[in-house]
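Participant: here is a sequence together with a model predicted from it:
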Amino acid sequence: MRITLLHAADLHLGTPFKGVGEVSPWLRMRLVESSFEALRRLVDLARESDMLLLAGDLLETGLPHLRARLELIKALNILSAEGVRVFIVAGNHDPYPSWEGVSFPQGVYFFTPHGEKVEVSLGGHKVSVSGISHGGKEVRDNLVHRLPSGDGDLRLALIHAYLQGQEGHDPYAPCLLDDLLSRDFNYWALGHIHKAQVMREDPWVVYPGNLQGRHFREDGPKGCYRVAWDAGAFQVEFRPLAPVVWTKKVLRLEGVEDEGTLMERLESLKEEVRGPEGVLLRVILEGPTPMYSLEREEWSQIEEMLNEGEEHEGFVWVTLEKRLLPPLDLEELSSRDEFLARLIKGASGLESDPSLEGELGSIWGKGDVKRWIGDLRKEDKVQLANEALREALIFMLREK
């Protein structure tokens, strides 16, 4: 018989959003509600499953937890009534002591920092879940070796841990992939890293990421993994659940000479990313352009115009990040800096320079280069050289 489970982590219920600047009261409330809406979507999906594994950080350190706890217990009560078994470990943001006094409904198992193994029978199969919680906010021990061994046909390990090699997260409960592979589990349900990723198959080592992104570094779809197990065969599929998605786009403004054209480009970019879910869109503006001279207040007005009328489901809320340069004046640059002058002079003479077919010719003819760019005419090579000059100038001016 087929067994299905959901694997989620890092709910951070009630967490604040960062990096969106001034927003309308409607949008502010929509963002506050997003983590709870993601939880409700998780529950709806879990009602069609046999088990739900929650790998830590369900709550957020330092926040008033009352509503978050109540929303979570409400969700667990729904699953308990449906007969869905739920297994939970605490992470570094919600260590085990912070759950003192919370009563969980029947069918929900919360693992202690000592580590336990729970065995259940599903469809004639013996299933074991081994889990261990964080006992404090900064656990530095490798918890993997303290997990009780698995048993049965389906052996699941549930732990909130830092798998070494991941970036951007504190090394709490650190471990190596070899540590996991040394244990006899066939699915590792991990938490802590906020990026959904399958680290390995057979045995499966999986991070579901967080349920709802909280800032622009947590971009893209967020959700959980749905795992189906049938006689030893796994099907592991990511399911997006976040009602608000963070995304970013780069918009080069070379050739954009006026505010009207700028607005057209930005509005077009908004429609490219619009979908059924809300989108928080950061647009990174790059390149040399006359728009460089716009004042801060003018950029604020552009953002306001872009975000007018976006108080609805499927909104796209824009934040602008400017990495602009003034228009490239080659004559002025040549007079300002000796090295730039030599670079510009050398590049401008490439059309008649034998090196275009000499030293550079060895580059054009390389297999990998030729595969990508094909056979180039002389005018094509001149154009590429001019584009390379422009990119070099932009890079050096930005560094200055």
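Facilitator: Great, that's in hand.

Participant: please count neighbours and contacts with C-alpha atoms only from this point.
Facilitator: Noted.

Participant: okay, now the unreliable bits of the stretch 1-150 of the chain?
Facilitator: Along the stretch 1-150 of the chain, segments meeting pLDDT under 70 span 62-64.

Participant: and the strands in it, which stretches?
Facilitator: With strands called from DSSP state E, counting those that start in this stretch, the stretch 1-150 of the chain shows them at 3-8, 51-55, 85-89, 108-110, 116-122, 125-132.

Participant: strand partners of the second one, parallel vs antiparallel please.
Facilitator: What it means is strand 51-55. With DSSP bridges as the test, strand 51-55 is paired with strand 3-8 (parallel), strand 85-89 (parallel).

Participant: okay, now the domains of the protein?
Facilitator: Domain assignment for the chain by automatic domain parsing gives 3-240, 244-325, 330-399.

Participant: mean neighbour count, these: which tops it?
Facilitator: Among the domains of the chain, domain 3-240 has the highest mean neighbour count (mean count of other CA atoms under 10 Å), at a mean of 19.

Participant: can you give me the pLDDT of Gly232?
Facilitator: Gly232 is assigned a pLDDT of 84 by the prediction.

Participant: now it, what are its backbone angles?
Facilitator: Backbone torsions for Gly232, taken as degrees, to the nearest 10, come to phi 90, psi -10.

Participant: show me how far stretch 172-183 is from its chain's centre.
Facilitator: Distance, stretch centre to chain centre, for stretch 172-183: 23 Å (CA atoms, centre = their mean, to the nearest Å).

Participant: relative to Gly213, how far out is the spatially closest residue to Asp141 that is not a sequence neighbour?
Facilitator: Leaving out its chain neighbours, the residue that sits closest to Asp141 by CA to CA, 6 or more residues apart in numbering is Ala173, at 5.3 Å. Remark: distance between Ala173 and Gly213 (CA to CA, to the nearest Å) = 23 Å.

Participant: what about stretch 5-12, start to end distance?
Facilitator: Stretch 5-12 has an end-to-end distance of 21 Å (criterion: CA to CA).

Participant: I meant stretch 84-98, not that one.
Facilitator: End residues of stretch 84-98 are separated by 25 Å (CA to CA).

Participant: residues in contact with the residue nearest to Asp141?
Facilitator: Contact partners of Ala173, counting by CA atoms under 8 Å, 6 or more residues apart in numbering, are 139-143, 160-162.

Participant: CSV for those residues, including distance to Leu31?
Facilitator: Shown next, in CSV, are these (distance: CA to CA, whole Å):
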residue, distance to Leu31
Val139, 31
Arg140, 33
Asp141, 35
Asn142, 35
Leu143, 34
His160, 26
Ala161, 28
Tyr162, 28
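
Participant: of those, closest to Glu116?
Facilitator: Nearest to Glu116 among those, counting by CA to CA, is Leu143 at 12.1 Å.

Participant: spatially nearest residue to the closest one (excluding sequence neighbours)?
Facilitator: Nearest to Leu143 is Ala173, by CA to CA, 6+ apart, at 5.9 Å.

Participant: measure that neighbour to Trp99 for me?
Facilitator: To Trp99, Ala173 is 19 Å away according to CA to CA.

Participant: which SS class is Arg155?
Facilitator: With DSSP: H, G, I helix; E, B strand; the rest coil as the basis, Arg155 sits in strand.

Participant: that one against Gly131, yeah?
Facilitator: No: in this structure, Arg155 is not within contact of Gly131 by CA atoms under 8 Å, at 11.1 Å.

Participant: so what sits against both of these two?
Facilitator: Common neighbours of Arg155 and Gly131 (CA under 8 Å, 6+ apart) do not exist.

Participant: name the nearest residue to Leu181, ignoring sequence neighbours.
Facilitator: The shortest distance from Leu181 to any non-neighbouring residue, by CA to CA, 6+ apart, is to Pro203 (7.4 Å).

Participant: correction: the previous question concerned Glu310.
Facilitator: Take Glu310 and drop its neighbours on the chain: the residue closest to it by CA to CA, 6+ apart is Val316, 6.5 Å away.

Participant: just checking, His125 touches Asp153?
Facilitator: Yes: the pair His125 / Asp153 is scored as a contact, 6.3 Å apart, by CA under 8 Å.

Participant: between those two, what contacts are shared?
Facilitator: Counting by CA under 8 Å, 6+ apart, nothing touches both His125 and Asp153.

Participant: please enumerate the helices of the stretch 51-200 of the chain.
Facilitator: In the stretch 51-200 of the chain, the segments counted as helices under DSSP state H, counting those that start in this stretch are 66-82, 177-181.

Participant: go through those and name the closest to Glu272.
Facilitator: Glu272 sits nearest to helix 66-82 of all the helices of the stretch 51-200 of the chain, at 34.3 Å, using CA to CA.

Participant: list of residues touching the closest one?
Facilitator: Against helix 66-82 from outside (CA under 8 Å, 6+ apart): 13-14, 36, 39-40, 43, 46-47, 59, 85-86, 104-108.

Participant: only alpha carbons, please: show that helix as PDB.
Facilitator: Written as PDB, here are the backbone C-alpha positions of helix 66-82 (Å, rounded to 0.1, in the frame of the first residue of the first chain):
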ATOM      1  CA  LEU A  66       0.300  33.600  21.400                       C
ATOM      2  CA  ARG A  67      -1.400  33.900  18.000                       C
ATOM      3  CA  ALA A  68       1.300  31.800  16.300                       C
ATOM      4  CA  ARG A  69       0.700  29.000  18.900                       C
ATOM      5  CA  LEU A  70      -3.000  29.300  18.600                       C
ATOM      6  CA  GLU A  71      -3.000  29.100  14.800                       C
ATOM      7  CA  LEU A  72      -0.600  26.100  15.000                       C
ATOM      8  CA  ILE A  73      -2.700  24.200  17.500                       C
ATOM      9  CA  LYS A  74      -5.900  24.900  15.500                       C
ATOM     10  CA  ALA A  75      -4.200  23.400  12.400                       C
ATOM     11  CA  LEU A  76      -3.000  20.400  14.400                       C
ATOM     12  CA  ASN A  77      -6.500  19.800  15.800                       C
ATOM     13  CA  ILE A  78      -7.800  19.700  12.200                       C
ATOM     14  CA  LEU A  79      -5.300  17.100  11.200                       C
ATOM     15  CA  SER A  80      -5.800  15.100  14.400                       C
ATOM     16  CA  ALA A  81      -9.600  14.900  13.600                       C
ATOM     17  CA  GLU A  82      -8.700  13.700  10.100                       C
END
